[in-house]
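1. predicted model, plus sequence, below.
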Amino acid sequence: MTVFEELKERGLLAQLTDEEEIKELIDHGKATFYIGFDPTADSLHVGHFMALCLMKRLQMAGNKPIALIGGGTAMIGDPSGRSDLRTMMTKETIDHNCECFKKQMSRFIEFGDGGEKEEHSRAIMVNNADWLRDLNYIEFIRDIGVHFSVNRMLTAECYKQRMEKGLSFLEFNYMIMQSYDFLQLYEKYGCNMQFGGDDQWSNMLGGTELIRRKLGKDAYAMTITLLLNSEGKKMGKTQKGAVWLDPEKTSPYEFYQYWRNVADADVIKCLKMLTFLPLEQIKDMESWEGSQLNQAKEILAYELTQLVHGTEEADRAQESARALFAGGNAAEMPTCKLTEEDFRDGAIDILGVLVKAGLTASRSEARRAVEQGGVTVDNEKVSDVKTSYGPERFSGEGIVVKRGKKSFKRVVM
């Protein structure tokens with residue numbers, strides 16, 4: 001099976017400018033391709049995960065990845081998939097976020113040092129701040145802006161979604177900036193392909209068209225399927241927010257649990273799109289039912305945790321999860337530490353424990369959770385909202401407080 005056929009079989013391909021040309025390039029290691037990452041936070045998240053996996057797959061096949069960090073475009077903000085204007089960030093924040101991205105990406109793809117003798121497939125990282133931040137506006141719109149039709153731009157999905165609430169002129173420039181990135185990478189590094197999420201299609205077409213108009217050359221674009229669950233919602237978000245790749249923001253255990261708890265209808269799709277397990281092995285799992293599906297979820301969670309955090313953390317997370325569901329409370333799960341200030345008259349009630357542990361946002365929410373029968377302490381259901389505990393209850397290994405089936409914390413002194 002060729003690289004292209006495998007990408008197709010895994011359900012990763014969405015839209016392509018020229019299927020035959022793209023297939024020829026990536027199957028024979030001739031693609032120098034880029035994927036852009038706007039540094040809107042100091043960590044990559046699950047939304048970036050599939051793009052990183054794609055870069056890894058293509059690099060393994062001999063193609064050269066360029067990781068483009070949007071230190072320049074982040075100062076504008078991508079309107080794609082947004083209903084409001086993004087928060088403006090300072091240059092210092094953007095530059096810090098760029099450094100964080102490179103460190104995380106190095107777990108997935110192999111970077112070179114830029115030397116002439118480095119292997120063809122070694123990845124490079126570039127920052128579009130290098131050519132965007134010091135642009136002369138008049139020169140830029142005369143040289144680049146003249147090639148873009150406003151009428152055509154307004155038909156792009158990313159802009160149509162914003163027209164009702166108001167699209168700022170600042171954001172309107174984003175497509176031109178991203179297209180200019182592609183032109184720059186083509187000229188500087190021979191970059192002949194751009195990959196990205198399916199919501200980036202209009203911006204990517206703008207780049208291929210700009211290269212054709214300015215240089216008379218062909219460049220190609222391909223989008224990968226967005227990671228949606230069976231309800232059509234983007235995966236990678238929890239009640240607490242995004243699932244991050246930074247272990248300080250989302251612990252390896254929480255990361256493991258996120259994938260362990262995906263819906264039955266999503267597990268096979270996630271195995272195909274995100275893991276490097278052989279397709280034959282995944283196809284065998286398609287007929288699994290009941291408890292076997294839980295085994296498939298364990299495999300998914302372990303594989304992805306290993307990819308992001310390494311084998312040691314994946315082993316630890318799996319052991320911790322199994323210990324919890326086996327009734328043990330000594331697992332290395334997310335832990336909340338109480339201090340003397342958390343106790344009143346020598347005790348803390350269950351509502352206070354739930355709030356302190358971050359399992360509920362408020363005491364009223366905690367009260368509802370208890371009254372609805374969704375709270376357990378060391379596998380014993382708590383039904384009385386007045387249940388209280390002294391400091392001694394949290395000594396040693398503490399207690400495991402669980403809300404629902406999927407949210408839990410070990411609470412210790």
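-> Sure, I can see it.
2. how long is stretch 16-33 end to end?
-> Taking C-alpha to C-alpha, to the nearest Å, the first and last residues of stretch 16-33 lie 14 Å apart.
3. again with stretch 110-129
-> 23 Å.
4. could you give the mean pLDDT of it?
-> Averaged across stretch 110-129, pLDDT comes to 74.
5. for stretch 134-154, same thing?
-> Here the average pLDDT along stretch 134-154 is 85.
6. list the residues that contact residue 298.
-> By C-beta atoms under 8 Å, 6 or more residues apart in numbering, residue 298 lies in contact with 260, 318, 321. Placement of C-beta: from N, CA and C, glycine included.
7. need these in CSV (columns: pLDDT).
-> Listed next are these as CSV, based on pLDDT from 0 to 100:
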residue, pLDDT
260, 86
318, 88
321, 79
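8. in the protein, which helix is the longest?
-> Ordering each helix of the chain by length in residues (DSSP state H) puts helix 291-309 first.
9. before we move on, back to that, from the contacts of residue 298, which land in strands?
-> In strands, defined here by DSSP state E, there are no members of the contacts of residue 298.
10. so which of these belong to helices?
-> Per DSSP H, helices hold the following members of the contacts of residue 298: 260, 318, 321.
11. all helices of the stretch 151-300 of the chain, in order?
-> Per DSSP state H, counting those that start in this stretch, the stretch 151-300 of the chain carries helices over the ranges 157-163, 169-172, 174-189, 201-215, 252-260, 267-274, 279-285, 291-309.
12. give me the mean pLDDT for stretch 281-292.
-> For stretch 281-292, mean pLDDT rounds to 89.
13. which parts of that stretch are buried?
-> Within stretch 281-292, the residues that count as buried by 16 or more other C-beta atoms under 10 Å are 282, 285.
14. output that stretch in PDB, but only the C-alpha positions, please.
-> The C-alpha coordinates for stretch 281-292 follow below in PDB (Å, rounded to 0.1, in the frame of the first residue of the first chain):
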ATOM      1  CA  GLN A 281      -5.000  -4.700  13.200                       C
ATOM      2  CA  ILE A 282      -7.500  -1.900  13.400                       C
ATOM      3  CA  LYS A 283      -9.800  -3.600  10.900                       C
ATOM      4  CA  ASP A 284      -9.900  -6.700  13.200                       C
ATOM      5  CA  MET A 285     -11.200  -4.400  15.900                       C
ATOM      6  CA  GLU A 286     -14.100  -3.200  13.800                       C
ATOM      7  CA  SER A 287     -16.200  -6.200  14.800                       C
ATOM      8  CA  TRP A 288     -15.500  -5.900  18.500                       C
ATOM      9  CA  GLU A 289     -18.400  -5.200  20.800                       C
ATOM     10  CA  GLY A 290     -19.100  -4.700  24.500                       C
ATOM     11  CA  SER A 291     -16.000  -5.200  26.700                       C
ATOM     12  CA  GLN A 292     -13.800  -5.600  23.700                       C
END
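15. next one: the longest helix of the chain to chain centre, how far?
-> Here the centre of helix 291-309 is set off from its chain's centre by 17 Å, with C-alpha atoms, centre = their mean, to the nearest Å.
16. and stretch 385-400, by the same measure?
-> Offset of stretch 385-400 from its chain centre (C-alpha atoms, centre = their mean): 36 Å.
17. any idea of the mean pLDDT in that stretch?
-> For stretch 385-400, mean pLDDT is 79.
18. any buried residues in it, and which?
-> 385, 388, 389, 393, 394, 398, 399, 400.
19. again, but for stretch 211-218
-> Neighbour-count burial for stretch 211-218 [16+ other C-beta under 10 Å]: 211, 214.
20. average pLDDT for it?
-> Stretch 211-218 comes out at a mean pLDDT of 95.
21. domain assignment for this structure?
-> Domain segmentation of the chain under automatic domain parsing yields 3-224, 237-325, 335-412.
22. among those, which is nearest residue 230?
-> domain 237-325 (3.9 Å; C-beta to C-beta).
23. from the middle of its chain, how far away would that closest one be?
-> 14 Å.
24. all strands for the stretch 51-200 of the chain, in order.
-> Using DSSP state E, counting those that start in this stretch, the strands of the stretch 51-200 of the chain run over 64-69, 124-127, 193-197.
25. compare those and say which comes out lowest on pLDDT.
-> If those are sorted by mean pLDDT, strand 124-127 sits at the bottom with a mean of 90.
26. strand partners (parallel or antiparallel) of that one?
-> Using DSSP bridges, strand 124-127 pairs in its sheet with strand 64-69 (parallel).
27. how far does the partner strand sit from the chain's center?
-> Relative to its chain's centre, strand 64-69 lies at 17 Å (C-alpha atoms, centre = their mean).
28. point out where this protein drops to low pLDDT.
-> 76-88, 113-120, 157-162, 164, 238-240, 324-333, 379, 396-397, 406 (pLDDT under 70).
29. in it, which residue sits furthest out from the middle?
-> Here the centre of the chain is the reference, and by C-alpha atoms, centre = their mean the most remote residue is residue 345, at 44.9 Å.
30. tell me how far that one lies from residue 98.
-> In this structure, residue 345 and residue 98 are 51 Å apart, going by C-beta to C-beta, to the nearest Å.
31. what do you get for residue 205?
-> Counting by C-beta to C-beta, the gap from residue 205 to residue 98 is 26 Å.
32. and what of residue 251?
-> Distance, residue 251 to residue 98, using C-beta to C-beta: 24 Å.
33. what's the answer for residue 41, then?
-> Taken as C-beta to C-beta, the span from residue 41 to residue 98 is 11 Å.
34. between the two, which has more neighbouring residues?
-> Each of residue 41 and residue 98 has its neighbours counted (other C-beta atoms under 10 Å); residue 98 has more, 20 against 16.
35. so what's the more buried one up against?
-> By C-beta under 8 Å, 6+ apart, residue 98 lies in contact with 39, 69, 71, 127.
36. one more: residue 194?
-> By C-beta under 8 Å, 6+ apart, the contact set of residue 194 is 33, 34, 35, 36, 182, 204, 207, 208, 219, 220, 221, 222.
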